[in-house]
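K.L.:
need a structure here:
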Amino acid sequence: MNSPKLNCIIASLVALAGCLTGKGVAFAEAGVAGDEIRGAVKSAHGAEAGVWVIAETQDFQTRFAKIVVTDEAGRYLIPDLPKAKYRVWVRGYGLADSPKTDATPGDALNLTVLAAPDAATAAKTYPAAYWYAMMKIPEEAQVATLAGGRNGYLMWMKNMGCVGCHQLGNLATRTIPKSLGPSKTSEEAWLRRLQSGQAGGQMINIVQGTLAGIPIHYLADWTDRIAAGEVPAAQPQRPSGIERNIVATVRDWSDGKAYLHDLSGTDRRDPSVNANGLLYGAPELSTDNFPILDPQHNTATTFKALVRDADTPTTHDDPVIQPSPYWGEERIWDSRAVAHNPMLDRSGRVWYTARIRAAANPAFCKQGSTHPSAMAFPLNTSDRQLAMYEPKSGKYIFVDTCFGTHHLQFSEDASDTLWTSGGRDAVGWLDTKKFISTGDAAASQGWAPLVLDANGNGKLDAWTEPGQPAKPGSDQRLAASFYAVMPNPADGRVWGSVAFRYPGALIRFDPRTRLSEIYNVPAPGFGVRGADIDRSGVVWVSLASGDLGEFDRRKCKGPLNGPAATGDHCPEGWSFHRLPGPGFVNVPQMSVESSYYTWVDQHNTLGLGANVPIATGNLFDGVHALVDGKFVTLRIPYPLGFYAKGLEGRIDDAAGGWKGRGLWITSGDRTPWHKEGGKGMKPLVVHFQVRPSPLAD
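P.N.:
Numbering: from 1, shown residues only. Sure thing, here's the model as predicted:
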């Protein structure tokens, strides 16, 4: 007869054998649905809670991976898997990646993992933020001549400059590529690296021009210490609470030389539009082959965006300053349309901020025109206009605008007014109903300068030009333009963020009076970038200070117009929510997170509640949602290096529970080859969903 102790040993060996062979008994008593894989994850320490389980297949045209998180008992359930052959594996903080196990939907699969053998192995899967936080920051005296001092320096090293285009801290950027060639010093290597490819001019101008060459020493010191074996001092916490309920599906589109800026698959005002339909991407500087993703069939296609005029410039003419360590002398960017943002309307038409011609404006935009907007504020150039794609007919229609465009949003009005940013001291709009019915771009558009009601009479009067002495009784024109644009669903006013200057601001434009108000971000905030508005009129904005900024105009106590209302008159309207992440070595109080954009889920498309602000987590491979005053981080742990820019929520089935809604995001970094997998990686499309529990199917 076996002793109780011997029986326990035998039972443990049987269970371990099941784990090592990949076939287990977890959930066997409950059965396994035919479109799911479920099981448990254990290590020598017991159940592994809060780790990711990844199921990936190569059976479709696009990449396809579905990712879930284990519950407190180490159990997982990967739901709604299309029929295919999968490889399933585990990644988690403190662990080495598990071996990949073959599986098909309907399998029960227990998985065994090992603890990371050392700190360096564990840190391989940390978000880039933890590696970037190792960089030392100059002391105030060294950067005193820069606008904003050390905060101004950080603004450009974070979301306004470097991390405005790609991560810093991922494997590709925290190491010096051997293909860069030999250098005498690490500082010389960084100087050479920052001149690489068609973006070399932009990179070196920020570092050597705007920042006076100061970052070179700190970048070199950072990568030297990492090369010598230093690892992050701070460690990330595993997903907990709501974060364990996240289901992420990862696909890809476009090609390995292109990048995406934004996507759209529904109408922001009614996120049930185009339910289960195609997604449309804007590839900005990289290509005129606009990608389309069919998530129902896991296929990706493109259509060729044309331009109206033969002399429209192309990014292919942007020179390669120094050979790229990835692409050599090849000019991989070649776009005339330079599409930045797409947006669907109620009928499923796709509107793009896209170039259709060279910059010189037609006569109706300029001085001497009888166009009402030109009579008030003539415009001579526009570096990007509008275009509209009709999916049913395949037609791509040009919309010539006098104002430049960058981002775009529809207003909730009878004209379906499309508001745009990027207008060089003006805000522009298009009456899309009039344009659809008439085809007359000139008659359908309008624009206006941004003018403060300096005399406080509530009317637009003659104004003083920027930089000129104030004139008694005059208003004051601002030398500012919108970066983000946000029609307020509560009152019809239009807000914009003012980026690329210190400390940054928000502007409120009234379409009825054509008057504006400006609100500078006060300390400790700085570095305004992308922003959005909730249905109560509260503006939420990504800040280089490592915060999600919140501005509520209703909290302002003093006059909002008049001679004193010049930007610093309502600090009480601002609140700051520190984003997740460690601080820099010598700036520990400030999160290193460098959020590019914030989007507000006005209609509860993700399931976390209406009016939840969601900031891009550009150094966290995901996004941060502010839920009941606390951040919930939705992270993509594979492939490492996911960099969010544009995001959008869609409700595919209002009666379908969590499965009928979700958040769509495309990777927006200009360097897809920096992600895990390297050269050949395509831009990603991620679908985040939140189920009621980690085991909901």
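
K.L.:
Quick one: neighbours of residue 363, just the number.
P.N.:
Look at residue 363: counted by other C-beta atoms under 10 Å, it has 11 neighbours. (Each C-beta comes from the backbone N, C-alpha and C, glycine too.)

K.L.:
My read is that it contacts residue 369, right?
P.N.:
Yes: using C-beta atoms under 8 Å, residue 363 is in contact with residue 369, at 6.2 Å.

K.L.:
Could you double-check that residue 203 sits in contact with residue 195?
P.N.:
Yes: Residue 203 is within contact range of residue 195, at 7.2 Å (criterion: C-beta under 8 Å).

K.L.:
For the residue nearest to residue 674 when sequence neighbours are not counted, the count of nearby residues, please.
P.N.:
Counting by C-beta to C-beta, 6 or more residues apart in numbering, residue 172 is the residue found nearest to residue 674 once chain neighbours are left out, at 3.9 Å. Residues near residue 172, counting by other C-beta under 10 Å, number 21.

K.L.:
Let me see the ranges of the helices in the protein.
P.N.:
4-21, 119-123, 128-132, 149-157, 171-174, 186-193, 200-204, 215-227, 372-376, 432-438, 441-444 (DSSP state H).

K.L.:
I'd like the average pLDDT over the fifth one.
P.N.:
Looking at helix 171-174 alone, the average pLDDT works out to 98.

K.L.:
now swap in the third one and tell me
P.N.:
Taken as a whole, helix 128-132 has a mean pLDDT of 98.

K.L.:
I'd like to know which elements that helix is packed against.
P.N.:
helix 171-174 (3 or more C-beta pairs under 8 Å, 6 or more residues apart in numbering; DSSP states H and E).

K.L.:
Now tell me what touches the helix it packs on from outside.
P.N.:
By C-beta atoms under 8 Å, 6 or more residues apart in numbering, the surrounding residues in contact with helix 171-174 are 124, 128, 131-132, 166-168, 222-223, 226, 640-641, 671, 673-676, 678.

K.L.:
Touching, residue 192 and residue 182? I think so.
P.N.:
No: using C-beta under 8 Å as the test, residue 192 is too far from residue 182 to be in contact (9.9 Å).

K.L.:
neighbour-wise, which of the two wins?
P.N.:
residue 192 (20 against 8).

K.L.:
The more buried one and residue 115: what is the separation?
P.N.:
Distance of residue 192 to residue 115, given as C-beta to C-beta, to the nearest Å: 39 Å.

K.L.:
Kindly report the same for residue 379.
P.N.:
Taken as C-beta to C-beta, the span from residue 379 to residue 115 is 62 Å.

K.L.:
quick one: which of those two has more around it?
P.N.:
Taking neighbours as other C-beta under 10 Å, residue 379 and residue 115 compare with residue 379 leading, 23 against 14.

K.L.:
Please verify my assumption that the more buried one contacts residue 427.
P.N.:
No: Residue 379 lies out of contact with residue 427 (C-beta under 8 Å); the separation is 11.8 Å.

K.L.:
The nearest residue to residue 322 once chain neighbours are set aside: how many residues sit nearby?
P.N.:
Spatially, and ignoring its direct neighbours in sequence, residue 322 is nearest to residue 195 (4.0 Å; C-beta to C-beta, 6+ apart). Applying other C-beta under 10 Å, we find 19 residues neighbouring residue 195.

K.L.:
Please apply the same query to residue 144.
P.N.:
10.

K.L.:
Can you tell me how far it is from residue 636?
P.N.:
Counting by C-beta to C-beta, the gap from residue 144 to residue 636 is 39 Å.

K.L.:
How about residue 614?
P.N.:
14 Å.

K.L.:
which of those two has more neighbours?
P.N.:
Per other C-beta under 10 Å, whichever of residue 614 and residue 636 has more neighbours is residue 614, with 31 against 27.

K.L.:
who touches the nearest residue to that one once chain neighbours are set aside in this structure?
P.N.:
Nearest residue to residue 614, sequence neighbours excluded (C-beta to C-beta, 6+ apart): residue 625, at 4.7 Å. Contact analysis of residue 625 by C-beta under 8 Å, 6+ apart lists 601, 606, 608, 612-614, 631-634.

K.L.:
can you check residue 545 too?
P.N.:
Residue 545 sits next to 151, 154, 524-527, 576, 590 when contact means C-beta under 8 Å, 6+ apart.

K.L.:
Quick check: mean pLDDT of stretch 262-280?
P.N.:
Here the average pLDDT along stretch 262-280 is 98.

K.L.:
do stretch 571-585 as well
P.N.:
98.

K.L.:
first to last residue in that stretch, what's the distance?
P.N.:
29 Å (C-alpha to C-alpha, to the nearest Å).

K.L.:
Low-confidence stretches in the protein?
P.N.:
Scanning the chain for pLDDT under 70 picks out the ranges 1-30.

K.L.:
measure residue 181 to residue 521 for me?
P.N.:
42 Å.

K.L.:
Who has more neighbours out of the two?
P.N.:
Applying other C-beta under 10 Å to residue 181 and residue 521 shows that residue 521 carries more neighbours, namely 28 against 11.

K.L.:
before we move on, the earlier item: enumerate every residue touching the residue nearest to residue 322.
P.N.:
201, 203-204, 321-322.

K.L.:
possible to save the residues you listed as TSV with distance to residue 683 and neighbour count?
P.N.:
Listed next are those as TSV, based on distance: C-beta to C-beta, whole Å; neighbours: other C-beta atoms under 10 Å:
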residue	distance to residue 683	neighbour count
201	23	15
203	20	19
204	25	19
321	24	18
322	25	17
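
K.L.:
which one among those residues gets closest to residue 645?
P.N.:
Distance to residue 645 across the contacts of residue 195 (C-beta to C-beta) is lowest for residue 203, with 18.0 Å.

K.L.:
The closest one and residue 90, how far apart?
P.N.:
With C-beta to C-beta as the criterion, residue 203 and residue 90 are 37 Å apart.

K.L.:
same deal with residue 133?
P.N.:
26 Å.

K.L.:
What of residue 211?
P.N.:
Remark: distance between residue 211 and residue 90 (C-beta to C-beta) = 41 Å.

K.L.:
okay, the two: which has more neighbours?
P.N.:
Between residue 211 and residue 90, counting by other C-beta under 10 Å, residue 90 is the more crowded of the two (25 against 21).

K.L.:
which residues touch the more buried one?
P.N.:
By C-beta under 8 Å, 6+ apart, the neighbours of residue 90 are 41, 48, 51-54, 97-98, 111, 113.

K.L.:
of all the residues you listed, which two lie farthest apart?
P.N.:
Spanning the widest gap among the contacts of residue 90 are 48 and 54, at 13.9 Å by C-beta to C-beta.

K.L.:
contacting residues around the closest residue in space to residue 123 that isn't next to it in sequence?
P.N.:
Residue nearest to residue 123 in three dimensions, not counting chain neighbours: residue 231, with 4.6 Å by C-beta to C-beta, 6+ apart. Residue 231 is in contact with 119-120, 123, counting by C-beta under 8 Å, 6+ apart.
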